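Enquirer: This is the structure alone, sequence omitted:
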């Protein structure tokens with residue numbers, strides 16, 4: 001397989017994975033392009049490579065910067081803005097976990113805390129509270145696991161993970 005075909009296949013695959021994880025395909029494709037680019041790219045470079053509009057490129061670059069996955073890079077003598085991706089994959093994973101935890105898990109935990117305040121004076125409310133408690137317990141354990149992952153260094157995590165899968 002030649003480089004250009006491999007590059008296109010990787011960008012498409014990363015886009016598919018991104019959409020499976022709940023982010024836009026274009027956002028994931030921009031991230032993939034910047035991950036594999038040896039140099040910072042301008043918005044025009046990104047638009048041309050992915051055949052997307054300036055609005056789409058700008059909106060998704062802003063989102064990637066909000067997640068901490070992409071940074072602006074200024075070049076002396078250039079008026080254009082250039083963008084680079086975080087290349088340390090452990091940092092990428094940490095940032096994704098942090099953002100997903102903040103956007104998805106923490107709101108669920110908050111709702112579970114709120115709805116668990118119902119009185120348990122009927123069989124229906126007792127069953128409701130029982131399930132809320134089970135979901136809260138699982139969600140809290142997931143939250144603790146994610147917090148542990150965020151605090152660890154990559155070497156320890158990878159060694160521990162490899163021990164589990166052997």
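Expert: Noted; the coordinates are in hand. Only a predicted model underlies this, so the values are computations on that prediction, with no experimental measurement involved.
Enquirer: going forward, measure contacts between C-alpha atoms and count neighbours the same way
Expert: Noted.
Enquirer: List the buried residues of the helix or strand containing residue 149.
Expert: Here residue 149, judged by DSSP states H and E, is contained in helix 123-151. For helix 123-151, the neighbour count (16 or more other C-alpha atoms under 10 Å) marks 129, 132, 136, 139, 143, 149, 150 as buried.
Enquirer: now swap in stretch 105-121 and tell me
Expert: For stretch 105-121, burial by neighbour count (16+ other C-alpha under 10 Å) applies to 105, 108, 109, 112, 116.
Enquirer: hang on, the earlier thing: which strands and helices sit next to the helix holding residue 149?
Expert: Where contact means 3 or more C-alpha pairs under 8 Å, 6 or more residues apart in numbering; DSSP states H and E, helix 123-151 is packed against helix 89-100, helix 106-115.
Enquirer: Can you give the distance from that helix to the centre of its chain?
Expert: Here the centre of helix 123-151 is set off from its chain's centre by 22 Å, with C-alpha atoms, centre = their mean, to the nearest Å.
Enquirer: Same list (the buried residues of stretch 105-121) but as a markdown table, adding pLDDT and distance to residue 28.
Expert: Formatted as a markdown table, the buried residues of stretch 105-121 follow (pLDDT from 0 to 100; distance: C-alpha to C-alpha, whole Å):
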| residue | pLDDT | distance to residue 28 |
| --- | --- | --- |
| 105 | 86 | 21 |
| 108 | 90 | 25 |
| 109 | 89 | 27 |
| 112 | 90 | 31 |
| 116 | 90 | 37 |
